[in-house]
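K.L.:
Coordinates for the following, if possible.
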Amino acid sequence: MPFTIATWNINSVRLRMPIVERLLKEHSPDVLCLQETKVPDELFPEKAFRKAGYEHILFHGQKGYHGVATVARRPIELVEKRRFCEIDDSRHLSVRVQAGGRSILLHNFYVPAGGDEPDPEINRKFRHKLDFVYEMNSVPASQDDASILVGDLNIAPQEHDVWSHKQLLNVVSHTPVETENFEAMRQAGGWVDLMRLNVPAEQKLYTWWSYRAKDWQASDRGRRLDHIWSSANLVPSFAGYEILKAARGWEKPSDHVPVIAKFELGLSAFNRQGRCGASIP
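P.N.:
The predicted model follows:
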């Protein structure tokens, strides 16, 4: 059975609810994971999601900053709202969802951006980011159950996950200390980077374009900050993904765009050719 998960840093869910509703109407993912919702739990726009057909809603928010939410068309069960680095800043939510006869543990993350100065000795935000990624080593992919990890992880790990590897080596999100620790954490945890699974390393992949660009589309100076990972036992069911680049041009857009992953659960065998790549309309 087809099963789809979308991840999107929405940069204020209440401000951008119209484009969230557009995504749900046009693409109908089974599950939507949002980051940077910027709303306390008591003000989360549940009614709008229920009206759109998403009756199952869990969130971990705070006023004005950060926050994650997972909404679904099918039942989801809260597993954990984990606190990282001894700071209560609403950056993680895990749920369990049943699909295709499988029980899937789904993590929704919003990793700290890290500020502007890539020096942990003088920038506490960057120190926090490095510490947060280190603590993510305690969230490995399950070797028994199916696991998926999505979210705005705020690191572009590979050379062609940014518009210029050389020019961004000293820019937060692509510095060697970030990318090396990030990849070490992913590999140690047994996570598979699904977006790069069948995409050539030299192919550019972006999910974020800065608000600072006068014409983001013409300059196309993007970064891949949003990720979809899974446990190895889900790879045979992975049926590709789509980066909705057009959403960067929607009315009052986020600087991130949605990424939608599709799984064909229940398949015992799987031919990846022509199905596991990226679609970037």
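
K.L.:
Strands of the stretch 51-200 of the chain, start to end?
P.N.:
Taking DSSP state E, counting those that start in this stretch, the strands of the stretch 51-200 of the chain run over residues 56-60, 68-72, 76-80, 92-99, 102-110, 146-152, 191-193.

K.L.:
okay, now residue 65: neighbour count?
P.N.:
Residues contacting residue 65 under the criterion other C-beta atoms under 10 Å number 12. For every residue, glycine as well, the C-beta is placed using N, CA and C.

K.L.:
what does residue 260 give?
P.N.:
Neighbours around residue 260, by other C-beta under 10 Å: 22.

K.L.:
One more: residue 247?
P.N.:
Neighbours of residue 247 (other C-beta under 10 Å): 19.

K.L.:
isn't there a helix covering it?
P.N.:
Yes - assignment of residue 247 by DSSP: H, G, I helix; E, B strand; the rest coil places it within a helix.

K.L.:
Next up, the contacts around it.
P.N.:
Taking C-beta atoms under 8 Å, 6 or more residues apart in numbering, we find residue 247 in contact with 19, 23, 253, 254, 257, 258.

K.L.:
switch to 7 Å and redo it
P.N.:
Listed by C-beta atoms under 7 Å, 6 or more residues apart in numbering, the contact set of residue 247 reads 19, 253, 257, 258.

K.L.:
Confirm the second one sits in a helix?
P.N.:
Just to be clear, that refers to residue 253. No - under three-state DSSP, residue 253 falls outside any helix and is assigned coil.

K.L.:
For it, what are phi and psi?
P.N.:
phi -80, psi 160 (degrees, to the nearest 10).

K.L.:
do the third one as well
P.N.:
Recorded main-chain torsions at residue 257 are phi -120, psi 160, according to degrees, to the nearest 10.

K.L.:
distance of the closest residue to residue 216 other than its chain neighbours from residue 173?
P.N.:
Spatial nearest neighbour of residue 216, excluding adjacent residues (C-beta to C-beta, 6 or more residues apart in numbering): residue 209 at 4.1 Å. Residue 209 sits 13 Å away from residue 173, taking C-beta to C-beta, to the nearest Å as the criterion.

K.L.:
Please name the nearest non-neighbouring residue to the spatially most central residue of the chain.
P.N.:
Centroid check for the chain by C-alpha atoms, centre = their mean gives residue 151 as the closest residue, at 2.0 Å. Excluding the flanking residues, the one nearest residue 151 by C-beta to C-beta, 6+ apart is residue 109, at 3.6 Å.

K.L.:
Could you pull up phi and psi at the nearest residue to residue 255 once chain neighbours are set aside?
P.N.:
Of all residues not flanking residue 255 in the chain, residue 211 sits nearest, at 5.2 Å (C-beta to C-beta, 6+ apart). With angles defined as degrees, to the nearest 10, residue 211 sits at phi -70, psi -20.
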